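Undergrad: Got a predicted structure plus its sequence, pasted below:
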Amino acid sequence: MRLEDYGLVGDTQTAALIGIDGSVDWLCLPRFDSSACFAALLGEERHGRWLLAPAGGVRKQQHRYRRDTLVLETEWETDDGVVRVLDFMPPRHHAPDLVRIVEGVSGRVPMRTELVVRYDYGSVVPWVQSAEHGLTAVAGPDALALHTSAPIHGEDLRTVADFSVAQGERVPFTLTWYPSHEPRPDPVDPERALTDTEAWWQDWAGRCTYEGRWREPVMRSLIVLKALTYAPTGGIVAAATTSLPEQLGGVRNWDYRYCWVRDATLTLNALLSGGYVDEARAWRDWLLRAAAGQPEALRIMYGPAGERRLPETVLPWLPGYEDSAPVRVGNAAVGQLQLDVFGELMDALHQARGAGLEPEPAAWDLQRAFLDHLEGVWHEPDEGLWEVRGAPRKFTHSKVMAWVAFDRAIKAIEDCGLEGPVDRWRRRRAEIHDEVCREAYDADRRTFTQSYGSAALDASCLMIPLVGFLPPGDERVRGTVAAIERELSAHGGFVSRYDSELSRDGLPAGEGAFLACSFWLADNLALQGRREEAKRLFERLLRVRTGLGLLAEEYDVHARRLVGNFPQAFSHVGLVNSAAILDRAARASPASP
């Protein structure tokens, strides 16, 4: 199915994707390696899935979330009546559950369930045993317990059941993961779990302080970002999936189930804009633990608990989403040098202080150590925020973010009274600023370029005014925005990251428009006073959300469908931040065009 046909459920430990056909096609287990027990999304149903749907023909079907929750309702209208399935994962810190409740709405509808459990991304068939009101499926470190009143039985290495549900009847299923060396856990009460899950999400959503024009899409995006947090540690993962392609049939397939310092920082800012200080505190504490140690050992990404070894492996038995191979787990980019992460780290901790988080002395000590290291390496070439697999170069965005690192350190001294060599940092800040303006700006084309001496444009240069490097009205910023609109923007504002052929990124050309970059363009338009254009672009981007309000990493403007890992924190962060910028722009000059 298209990504638009999937919904997300999660418990802030793990997550599942459930199709409008009633099939759970993706579910990661709550362990560091995130091994999947349902991987049909990247292969075929034999690689693991759980179907729960009407047994006969369907006239009409629809997906929706219960308001401000991650409780997913899938409803089918059939010749025999109407039936609904409620899917959710109760947030808790042990024995994660996927609960599915079949509810008869009208008539009597025949139902079918087929459970195919395959551990290790579809490669391991578990040992399945009958148990009271269900079964257990064990292999290696993992075990699943299924509890249900439906008449399940084994059939061709699957667990199946045929039953019917009449108006007012409810048939629950609960699938619980647990370590295979521990006793089978007691099942949750499905109905109580439903009530508790709804209350938990509605209570969380009720603390949101956003009061702007786009409350519904902002709230849904904030809920997605919360679902991508890892509650036990405070880490924030970039997406719930691996290897969903940036180009259908292509090889740009990466594992995004890790915590990028960059992505998590932007997520932090989005959560802070919604008033979620507790998440900011948990993320700050995660960052201090993960980044602790020698500054030169700082990683661009970590595991959810701060793990540093994330070896990239290809899984040849999975054909990939729509035959987009290879399927990868782990991410080789973990070992890259990306200088911008120092700026993002410094900016995140600066934002946390501004939000009123209580001081953490260890944080400033760590920041000073990173700045000492950055002073010696900021001028080096790196792989940049797009993690190119070509030769390192002096990326403009990386240098701008090095400037941000020193700028935020200076502000910490000027505004918060912290101590440090502020005069030296001011000199370094000025040196970086002068070099970027001299080496990265093409005066003939009136635009900043991707890297020093390059002819390529890069949408990351849209960040220049957003981080305060230059004001939005600067002629160099205006020229850069115009060049990106002209050369990287298509179909009314959908922005590509860069021209992959011109940029020599070490990979075959071709990918979708990058949604975060498209939101950055809307931000720039708003800051330049082009508010109506910004609003039109923002609302155009809202229309590519799924019917459930979800966004992937990219959008294929030709196929008119979402591509890339899903749902993607970076895209939802862009939505939240753009809504805030457009709201501020409207308040600043409500009468201007």
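TA: Sure thing, it's come through. Numbering: from 1, shown residues only.

Undergrad: residues contacting D68?
TA: With contact set as Cβ atoms under 8 Å, 6 or more residues apart in numbering, D68 has these partners: 201-202, 205-206, 219, 223. (Glycine included, C-beta is placed from N, CA and C.)

Undergrad: of those residues, buried ones?
TA: Buried members of the contacts of D68, scored by 16 or more other Cβ atoms under 10 Å, are 201, 205, 219, 223.

Undergrad: Out of those, which is nearest to A145?
TA: Among these, W201 lies closest to A145 (Cβ to Cβ), at 24.6 Å.

Undergrad: For the closest one, give me the pLDDT.
TA: Among the per-residue scores, W201 holds a pLDDT of 98.

Undergrad: For the residue nearest to I300 when sequence neighbours are not counted, which three-state class applies?
TA: The shortest distance from I300 to any non-neighbouring residue, by Cβ to Cβ, 6 or more residues apart in numbering, is to Q338 (4.7 Å). Three states are possible here, and by DSSP: H, G, I helix; E, B strand; the rest coil the one that applies to Q338 is coil.

Undergrad: Helices - which of the buried ones among the contacts of D68 land there?
TA: Cross-referencing these with the helices (criterion: DSSP state H) gives 201, 205, 219, 223 as the overlap.

Undergrad: The first one against T69, yeah?
TA: Right, W201. Yes. At 3.7 Å, W201 counts as touching T69 under the criterion of Cβ atoms under 8 Å.

Undergrad: Quick check: of the ones in helices among the buried ones among the contacts of D68, which lies closest to G19?
TA: Top of the list for closeness to G19, among those and by Cβ to Cβ, is I223 at 19.7 Å.

Undergrad: distance of that closest one from E216?
TA: Counting by Cβ to Cβ, to the nearest Å, the gap between I223 and E216 amounts to 11 Å.

Undergrad: got it, and G510?
TA: For G510, the distance to E216 - Cβ to Cβ - is 34 Å.

Undergrad: Which one's more surrounded, those two?
TA: Between G510 and E216, G510 has the larger neighbour count (other Cβ atoms under 10 Å), namely 15 against 11.

Undergrad: Name the SS class of that one, please.
TA: Put simply, G510 is coil when judged by three-state DSSP.

Undergrad: So it versus R497, what's the distance?
TA: According to Cβ to Cβ, G510 stands 12 Å off from R497.

Undergrad: same check, this time on V85
TA: From V85 across to R497, the span is 38 Å (Cβ to Cβ).

Undergrad: repeat for G56
TA: In this structure, G56 and R497 are separated by 46 Å, where distance is defined by Cβ to Cβ.

Undergrad: again, but for S454
TA: Distance check for S454 against R497: by Cβ to Cβ, it reads 14 Å.

Undergrad: Same drill for these two, tell me which one is more crowded.
TA: Just comparing S454 and R497: by other Cβ under 10 Å the higher neighbour count belongs to R497, 23 against 19.

Undergrad: what sits against the more buried one?
TA: Under the criterion of Cβ under 8 Å, 6+ apart, the contact partners of R497 comprise 386, 458-460, 488, 511, 514, 517.

Undergrad: what would those look like in a markdown table with pLDDT, distance to V105 and secondary structure?
TA: A markdown table is the format used below for the contacts of R497 (pLDDT from 0 to 100; distance: Cβ to Cβ, whole Å; DSSP: H, G, I helix; E, B strand; the rest coil):
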| residue | pLDDT | distance to V105 | secondary structure |
| --- | --- | --- | --- |
| W386 | 90 | 48 | coil |
| D458 | 96 | 51 | strand |
| A459 | 97 | 46 | helix |
| S460 | 97 | 49 | helix |
| L488 | 94 | 48 | coil |
| E511 | 80 | 42 | coil |
| F514 | 95 | 41 | strand |
| C517 | 97 | 43 | helix |
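
Undergrad: quick one, phi/psi of P304?
TA: In terms of degrees, to the nearest 10, the main-chain angles of P304 are phi -60, psi -30.

Undergrad: Same check on the one 4 residues further on?
TA: When read as degrees, to the nearest 10, the backbone of R308 gives phi -110, psi -20.

Undergrad: I figured it was touching L298, is that so?
TA: No. Using Cβ under 8 Å as the test, R308 is too far from L298 to be in contact (9.9 Å).

Undergrad: Pick out whichever of these two has more residues nearby.
TA: Per other Cβ under 10 Å, whichever of R308 and L298 has more neighbours is L298, with 23 against 14.
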